[in-house]
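Peer 1: Fold the stuff below for me.
(2 chains)
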Amino acid sequence: MQRRNFLLGLLSLVILAPINALAAIWNKTAFEAVKLVDASKSLDINRETYSADIQITAPDRAENGAIVQVEVKSNIANTESIAILVEKNPTPLIAHFKFSLGAEPFVVTRIKMAETSDIKVVVKAANVYFTNSKNVVVLENGCG
Amino acid sequence: MGVVDMADNMKMRAQLKGDFVEVKVLMSHPMETGRRKDDFGQLIAAHFVQLVTATLNGNIVLEAQWGTGISKNPYLTFRLKGAKLGDVIAVTWHDNLGATATQEIAVTQG
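Peer 2: Numbers count the residues shown, from 1 in each chain, chains lettered A, B, ... in the order given. Here you go, the predicted model:
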């Protein structure tokens, strides 16, 4: 019986391990925060400096907030990560990208927007935070 | 739950464009926020991709954490410097219900 329990225990470890690993990586507090300031805090963003070296390409007006394409490019040396936040969404933190080994600090993705809001981008470079934002007028709530 | 049919799940392209490789990924996923209601007024449970990782020849180059604000059927473009023709790029996602999918592709001339 003991051996069987041990094997069962081992099996459940193998099955549960990937999920636990994911739970450890995913920043639940930041993603579930309903205020932008709390999401930022949970990402350890302390003081951020405005930077025109962060380029945000998004439409000025979006008919449908369910799909808003955003391109973010950081021209800041040693960029380690890019966070995308939408101030007026029910949960402002949309995505947090970390780059390594020759990945350029560049992403294009499609996001949901509840209403007209700034898309705020925060770049981390050598432990310093930089930010820029782009306003998008949203005609139809895309957050369902 | 479990592994989703990979062929249907992800469309990927990796093209060499000058001095970088551009990778485009289109995933098939509902990205439910947990705030939407069905036709009977019942809340639809949250179901969304939380983690996306990309590797170049087995080494991690990109790690993305996502919330519910990424659009349905997520789209992602990223760029790699130093990747060559024939290099293998793999993308894996994990969602909040424990499902996962992986797709890999070799770099082609853009």
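
Peer 1: Can you get me a residue count around A:A24?
Peer 2: Neighbour count of A:A24, defined by other C-beta atoms under 10 Å in any protein chain shown: 8. For glycine as for every other residue, the C-beta is placed from the backbone atoms N, C-alpha and C.

Peer 1: can I assume it sits in a helix?
Peer 2: Yes - assessed by DSSP: H, G, I helix; E, B strand; the rest coil, A:A24 belongs to a helix.

Peer 1: what separates it from B:Q65, distance-wise?
Peer 2: Distance of A:A24 to B:Q65, computed by C-beta to C-beta, to the nearest Å: 12 Å.

Peer 1: swap in B:A14?
Peer 2: For B:A14, the distance to B:Q65 - C-beta to C-beta - is 22 Å.

Peer 1: Show residues contacting stretch B:30-43.
Peer 2: A:90, A:112, A:143-144, B:44-49, B:68-74 (C-beta atoms under 8 Å, 6 or more residues apart in numbering or on different chains).

Peer 1: in the chain, which spans are strands?
Peer 2: All of this refers to chain A. For chain A, strands defined by DSSP state E occupy the ranges A:48-50, A:54-57, A:61-62, A:68-74, A:79-86, A:93-99, A:103-111, A:117-125, A:128-138.

Peer 1: I was after chain B.
Peer 2: B:10-17, B:20-27, B:49-56, B:59-66, B:75-81, B:88-95, B:100-106, B:108-109.

Peer 1: List the strands paired with the third one, with their directions.
Peer 2: Strand B:49-56 pairs in its sheet with strand B:59-66 (antiparallel), strand B:88-95 (antiparallel), by DSSP bridges.

Peer 1: Which residues does it contact?
Peer 2: Identification of contacts with strand B:49-56 by C-beta under 8 Å, 6+ apart yields A:22, A:25-26, A:31, A:101-103, B:23, B:27, B:29, B:31, B:60-67, B:70, B:74, B:76, B:78, B:80, B:83, B:87-96.

Peer 1: Could you give the average pLDDT over that strand?
Peer 2: Mean pLDDT, computed over strand B:49-56, is 97.

Peer 1: and chain A, which residues reach chain B?
Peer 2: Residues of chain A lying close to chain B (C-beta under 8 Å from any C-beta of the partner chain) are A:18-19, A:22, A:25-27, A:31, A:66-69, A:71, A:86, A:89-91, A:93-104, A:106-112, A:142-144.

Peer 1: Can you tell me which of those residues are buried?
Peer 2: By neighbour count, with 16 or more other C-beta atoms under 10 Å in any protein chain shown, the residues of chain A next to chain B hold A:22, A:26-27, A:31, A:66-68, A:86, A:89, A:91, A:93-99, A:103-104, A:106-112, A:142-144 as buried.

Peer 1: what sits against the closest residue in space to A:Y129 that isn't next to it in sequence?
Peer 2: Spatial nearest neighbour of A:Y129, excluding adjacent residues (C-beta to C-beta, 6 or more residues apart in numbering or on different chains): A:E48 at 4.1 Å. Contacts for A:E48 (C-beta under 8 Å, 6+ apart) come out as A:40, A:122, A:129-131.

Peer 1: middle-most residue in chain A, spatially?
Peer 2: Chain A has A:A95 as the residue nearest its centroid, 1.8 Å off, counting by C-alpha atoms, centre = their mean.

Peer 1: Was I right to think that residue contacts B:S71?
Peer 2: No - using C-beta atoms under 8 Å, A:A95 is not in contact with B:S71, being 11.0 Å away.

Peer 1: which neighbours do the two share?
Peer 2: A:109, A:111.

Peer 1: what's the spacing between A:A58 and B:S28?
Peer 2: Taking C-beta to C-beta, one finds A:A58 at 24 Å from B:S28.

Peer 1: Equivalent analysis for A:S81, please.
Peer 2: As judged by C-beta to C-beta, A:S81 and B:S28 stand 27 Å apart.
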